[in-house]
Every structure is written in C-alpha cells, then in structure tokens.
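> here is my input; please provide its structure:
(2 chains)
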Amino acid sequence: MNSIIEIKDLSFSYDHEEPKKVLDQVNLTIDQGQWVALIGHNGSGKSTLAKLIDGLLTPTTGTITVAGQTLSEETVWEIRDHIGMVFQNPDNQFIGADVAGDVAFGLENRGVPYEEMHLRVKEALKAVNMEKFAAHEPVRLSGGQKQRVAIAGVLALRPQIVIFDESTSMLDPKGRQEIVALMRRLNKEEGFTVISITHDIDEASLADRIIVLDDGKVIADDAPAKIFSRGNELFKIGLDVPYPERLKHELAHLGVQVPKKYLTEKEMVDWLCQYVLKK
Amino acid sequence: MSHTYQVGTPLEEVAVKEVSFEIKNQSFTAIVGHTGSGKSTLLQHLNGLLKPTSGYLTINGHKITPETKNKELGDLRQEVGFVFQFPEAQLFEETVLKDIAFAPKNFGKSEAEALEIAREKAKLVKLPEAVLERSPFELSGGQMRRVAIAGILAMSPKILVLDEPTAGLDPVGRFEMMELFKQLHQKEGLTIILVTHQMNDVANYADHVLVMEEGQLIADTTSKELFSDPSWLKAHHLSLPQTTDFAYQLQQRGISFETLPLTEHELARFLAPKLNQRGKIDG
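Numbering: from 1, shown residues only, chains lettered A, B, ... in the order given. Below is the predicted model:
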C-alpha cells in the first residue's frame, strides 16, 4: 500500500529553553486508506502531533511528508487541502447561519464556483445523512448532529485524510455512536484515511492500528488485539482497556488461569460459557 | 413541580412535567436520561437558577415556588454548590489560591480567612502544594477542574450538584475525579447529585437513581434495582453498566445469576469459584 503520511525524527517543544519535549523523536508511516487510532493520556502529545501534521505548528526538528510533499512554508497550503480536521467541541466550529451555509464556508473561502459549491454541499450533507437539515439553524441541532455538520464541512473540501481530534468526547452515547458509525463508513466505504485521537477504547478497537503515545514518545504501534493484550500496562500509563481485559485482570487476581491472548467480548463470553457450563 | 419555557408564546415548551421526588440528606443520587429529557432544566432548579412554573420544591428547608424572589435565594446558593460542565472555563484569577479564595471573600470573609479556607479546600481536592501559587491556566485539564471544584467547596456547601463532571478527562483523570466525589460524600458528609451518561459511574457510586424521559420522572429507585431489569432499560434506550451488560449476555447463554452484578469485581467473585473448580477437575 502507498504511504500517505511519513514522519521522520520529529521532535517538538513549545519553549526552546524547556528541555522536556512535547514530542520526542517520533517516526511513523501511515498508509493510504488506513484507520489509525492515536491514544495516550492528556498531555501525551497526541493533539500536538495532529497539529504538526496539518502545519498548524512547525516542528522543532524532523520532517513530515504528506501525499508525497514535504511540509514547509511553501507547501503548507497545498497540504492542508489534503487534510480535514474535526475538533472536540461542535459549538466552537459553527460559522454559518444555517447548516448548508456552514458547510459551504470552506468552499467559499477557496473561491469554488457557485454551481460546484452547491453540488459539493449537497453531496457532503448526504454523506453524513443530514441533507434534510440543510436549512436548519445550528442551535437547534443535537451534539451528534452538529458534529456531523462539522464533518460535512470537512468532506466538502474533498480531503484524502480526516483527523478526528477527540471529536466524540463531548457527545452523549447516541451522538458518539453516530459519529463512530460515520467514521467507519468514511474509511471502509469511501476510502478516506482516518486518524482518530481518542480516549474511547471502544472507538479505538475499531481501527486497523493503534498508536500509543506516552510523554511524547511512541511506546506501542500495533493491531488493536495486540495492543489490548498488554492490558494492565496500558492502565498504568493512564489508559483504559476493553472490558474483557478488565474482567480477566479481576479473575487472575482471584487465582483463575485466564487466556493470555486478547479476547473480544463475544470470545470472552464463549470462553466463560465453555468452562462454567461444562459439568 | 413543572417548568415550561416561554409560556404563552408559540415556542412554549414543557421541559419538566409534574415531577415529584425526594432526595435524602447525605445520599448519592444520580440523574440519568437522554439529551433533551429535562434533566438540565430540573438541575437548575436545585439552586434557584430556575424557578418552577407550577408546583414547588424544598431544598434544605428553603421553599421555592413560582412566586419566590431572587433576593430570598442568597442562602440557598451558598448551600448548594453547582459544578457545571467544563467548570475550568470559569477560572480567572492570577493564582490557584486566589481563585479558590474568591467565593469566601465574596461572601464576607477577610482576605486572610479566605486564603486559609482556600488552602484547606485545595488539600481536600488533592491539589499539590506546589501549584497553589501558579496560574491556574498552566495546569493540566484535570487539575484545572480540581481548582474549580475547590472554589465551589470553599463556600462550604451542604449539597454538591455535578453536571457531567468527568466529560473530556482521560480514563485515569475520570477515575480520580469520581473517587474524589466519593470521598466528599463519605468523609465530608456532602449530599451528592450527579448528572451523567456513564452507567458504570451510576453503578459504582450512586445509591439512588432518578431517570428522566421527555420531561417526566420515569423511575425513582436504587441502582441495583434499576440495572436488574435490562429489558426495561433497553425499551427506554438506556445502556447498562458494562459488567451488567456482559453478565446479561452470559445469562442468555444459560449461566444463571440471582441478581445481575454491577461491577467487574462482583462478577469475577461470582465466576472465579466455578472456573477454579474446573481447574481441579481438569487437573
């Protein structure tokens, strides 16, 4: 597969005098069409990494290459056309007086012709299942709906990469489900490369790959099942683990021999039933 | 009590409809319900930010009716501490200590007394001594939230109302925050009223639960009782705590429980003897 983002020896600190770096010698390659979850406790450097990829911050040392172009002052605008960012608070991202106007904002800014703009707004609202709300005022929408409109605004610009920066953390459970389902569809059916920065372990478990950041360093980078089998180690650095791992941990504490391999919820139910029901 | 917004206009909307309930002194009550179920409206009555449009409520001996005047509510506002969502957005002072001392100063304490109270409350919410003279804006999200909570505790409230207090924190931050409320409840004797979507927190911390739906109170019960009926919760689109949900799946496969467990510790204690026995048979 082709790589779409390449990060080499990336370090960053906000204050050059400060010896402790926010990101410290990060090396990563992300393939086109991949769904990558970036996890780590607050202050681990996840959001900083996203801002560096989008050129909102400038690396202290190291390079970032997006879609074949090395990020610099000259290329930043072109690179940003490849990347859409969705942030945490849906209320802070609204500009338009109605839903369609809001989605059109980025296109207007880029001088997209009226006819084309009209078409793209319609397409984007359809992609997030909000076309019925085109004329609605944003204030009347639920959190999940607002976040879907923010995503439509990003999709209208036709990026290749969509970065979700804790975009589900302020939503209620229903809103969260809506957005995770949408992420999945954008990645699996529409072929977007998805990077989701999240604390929600159930959301991360759906990704192709999980990258764990701790104090600015990549400490693990693997498939979700491999990452989760490190159970307790994750909890120690301030992260959650999926439910079956937590239960296994409690059982092991009570002297039960539990499988080392990561089990999904269904596999854990199967495993327990197999032994508890066998008489 | 009921609350209707914009009475007599085309936008009239009944947000809370003929609700009656009682919260016991020093209890830990959770209020759950979907966005738009009326729980925020209900909550804002607890310190008189809103007044009922019909009916009444009595909080710590203060009766609030549709006719109650704002100036009669001064004492109540000191007795009910209200932690809004993202309370760190309300920090403003130069140092952590000054920020916490703001409320007691405002309620008539001297500078020295207010700072003394601030030190005590900072300790209570487990803020390290080293941050007290720093700007609150240099702290981590979890610590900023602790500063905001200490500022509310500095009014010495009897009741603490929490509106999704862990939203946006990382897992360890969430756990530590909930443990802090547990401690305030158990050691300081505060009555806690928690609005949350996190059913795990309801199971782990609350003894009393109120469920709101479309402005009405549809359940007034204990957490054990509420989570013993998964089909009722499903019918109202409410989720189960993870353990209860998992045990429910086991139950449907033929493992029987007397009552569904609420925490993974409880479930593990139930399963372990059955699994260890198997070990002996196999071995």
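
> got the end-to-end distance for stretch B:68-84?
24 Å (CA to CA, to the nearest Å).

> outside of stretch A:66-79 itself, list whatever touches it.
Residues from elsewhere that reach stretch A:66-79, judged by CB atoms under 8 Å, 6 or more residues apart in numbering or on different chains: A:4-5, A:53-55, A:63-65, A:82-83, A:160-161. Yep, even glycine has a C-beta here, placed from its N, CA and C like the rest.

> can you list these in TSV and add distance to chain B?
Formatted as TSV, the contacts of stretch A:66-79 follow (distance: CB to the nearest CB, whole Å):
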residue	distance to chain B
A:Ile4	28
A:Ile5	24
A:Ile53	21
A:Asp54	21
A:Gly55	25
A:Thr63	30
A:Ile64	25
A:Thr65	30
A:His82	29
A:Ile83	24
A:Gln160	29
A:Ile161	24
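
> need the max-distance pair from those residues.
Spatially, the most separated pair among these is A:Thr63 and A:Gln160, at 19.1 Å (CB to CB).

> mind giving me the ChimeraX command for buried ones among the contacts of stretch A:66-79?
Selection of buried members from the contacts of stretch A:66-79 for ChimeraX, criterion 16 or more other CB atoms under 10 Å in any protein chain shown:
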select /A:4,5,53,54,55,64,65,82,83,160,161
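
> could the contacts of stretch A:66-79 go into JSON lines alongside pLDDT?
Output for the contacts of stretch A:66-79, formatted as JSON lines (pLDDT from 0 to 100):
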{"residue": "A:Ile4", "pLDDT": "96"}
{"residue": "A:Ile5", "pLDDT": "97"}
{"residue": "A:Ile53", "pLDDT": "95"}
{"residue": "A:Asp54", "pLDDT": "93"}
{"residue": "A:Gly55", "pLDDT": "93"}
{"residue": "A:Thr63", "pLDDT": "96"}
{"residue": "A:Ile64", "pLDDT": "97"}
{"residue": "A:Thr65", "pLDDT": "96"}
{"residue": "A:His82", "pLDDT": "94"}
{"residue": "A:Ile83", "pLDDT": "95"}
{"residue": "A:Gln160", "pLDDT": "95"}
{"residue": "A:Ile161", "pLDDT": "96"}
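
> narrow the contacts of stretch A:66-79 to those in helices?
Using DSSP state H, the members of these that fall in helices are A:Ile53.

> residues of the stretch 101-250 of chain A that sit close to chain B?
A:142-143, A:166, A:169-170, A:172-175, A:199, A:201, A:235, A:238-240, A:243, A:246-247, A:250 (CB under 8 Å from any CB of the partner chain).

> hmm, try it at 10 Å
Proximity of the stretch 101-250 of chain A to chain B is confined to A:142-144, A:166, A:169-176, A:199-202, A:234-244, A:246-250 under the rule CB under 10 Å from any CB of the partner chain.

> filter the residues you listed to the buried ones?
A:142-144, A:166, A:169-173, A:175-176, A:199-201, A:234-235, A:237-244, A:246-250.

> could you say which helix or strand holds A:Ile79?
Element membership of A:Ile79 [criterion: DSSP states H and E] is helix A:76-80.

> meant to ask about B:Thr166, not that
Here B:Thr166 is assigned to no helix or strand, by DSSP H and E.

> does it touch B:Gly142 like I think?
Yes. Contact criterion CB atoms under 10 Å: B:Thr166 and B:Gly142 qualify, at 9.5 Å.

> identify the contacts common to those two.
B:173-174, B:176-177 (CB atoms under 10 Å, 6 or more residues apart in numbering or on different chains).

> give me the subset of those residues touching chain A.
B:173-174, B:176.

> hmm, back to that, looking at the shared contacts of B:Thr166 and B:Gly142, which is nearest chain A?
Each of these was checked against chain A using CB to the nearest CB; the closest is B:Gly173, at 6.4 Å.

> could you check the pLDDT of the closest one?
Note on B:Gly173: pLDDT of 83.

> helix, strand or coil for it?
Judged by DSSP: H, G, I helix; E, B strand; the rest coil, the three-state class of B:Gly173 is helix.

> now it: closest residue in space, sequence neighbours ignored.
B:Gly142 (3.9 Å; CB to CB, 6 or more residues apart in numbering or on different chains).

> in a helix, that neighbour, correct?
Yes. Assignment of B:Gly142 by three-state DSSP places it within a helix.

> so what's residue 182 up against?
In the absence of a named chain, this looks at chain A. Contacts of A:Leu182 by CB under 10 Å, 6+ apart are A:127-129, A:144, A:147-148, A:151-152, A:155, A:164, A:167.

> let's do chain B instead
Contacts of B:Lys182 (CB under 10 Å, 6+ apart): B:28, B:192, B:204-205.

> nearest to A:Gly111, of the contacts of A:Leu182?
Looking across the contacts of A:Leu182 and measuring by CB to CB, the closest to A:Gly111 is A:Leu155, at 18.6 Å.

> surely A:Ser205 is in contact with A:Leu263?
No. Contact criterion CB under 10 Å: A:Ser205 and A:Leu263 do not qualify, at 12.0 Å.

> those two - which one has more neighbours?
A:Leu263 (22 against 17; other CB atoms under 10 Å in any protein chain shown).

> doesn't that one belong to a helix?
No. Per three-state DSSP, A:Leu263 lies outside any helix segment and is coil.

> would you enumerate the residues in contact with the nearest residue to it once chain neighbours are set aside?
In space, and not counting its chain neighbours, A:Leu263 is closest to A:Pro244: 4.9 Å by CB to CB, 6+ apart. Applying CB under 10 Å, 6+ apart, we find A:Pro244 in contact with A:228, A:231, A:258-259, A:262-269, A:271-272, B:242, B:246, B:264.

> show the buried residues in those residues.
By neighbour count, with 16+ other CB under 10 Å, these hold A:228, A:231, A:258, A:262-263, A:265, A:268-269, A:271-272, B:242, B:246, B:264 as buried.

> turn these into CSV, columns for distance to A:Asp91 and secondary structure.
Formatted as CSV, the buried ones among the contacts of A:Pro244 follow (distance: CB to CB, whole Å; DSSP: H, G, I helix; E, B strand; the rest coil):
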residue, distance to A:Asp91, secondary structure
A:Phe228, 33, helix
A:Gly231, 36, helix
A:Val258, 44, coil
A:Tyr262, 37, coil
A:Leu263, 39, coil
A:Glu265, 34, helix
A:Met268, 38, helix
A:Val269, 40, helix
A:Trp271, 44, helix
A:Leu272, 43, helix
B:Gln242, 29, helix
B:Phe246, 35, helix
B:Glu264, 35, helix
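
> dump the residues you listed into a markdown table; add pLDDT and distance to B:Arg77 as well.
Below are the buried ones among the contacts of A:Pro244 laid out as a markdown table (pLDDT from 0 to 100; distance: CB to CB, whole Å):
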| residue | pLDDT | distance to B:Arg77 |
| --- | --- | --- |
| A:Phe228 | 89 | 47 |
| A:Gly231 | 74 | 46 |
| A:Val258 | 91 | 52 |
| A:Tyr262 | 88 | 51 |
| A:Leu263 | 91 | 51 |
| A:Glu265 | 92 | 46 |
| A:Met268 | 95 | 49 |
| A:Val269 | 96 | 50 |
| A:Trp271 | 94 | 54 |
| A:Leu272 | 95 | 51 |
| B:Gln242 | 93 | 37 |
| B:Phe246 | 95 | 43 |
| B:Glu264 | 91 | 40 |
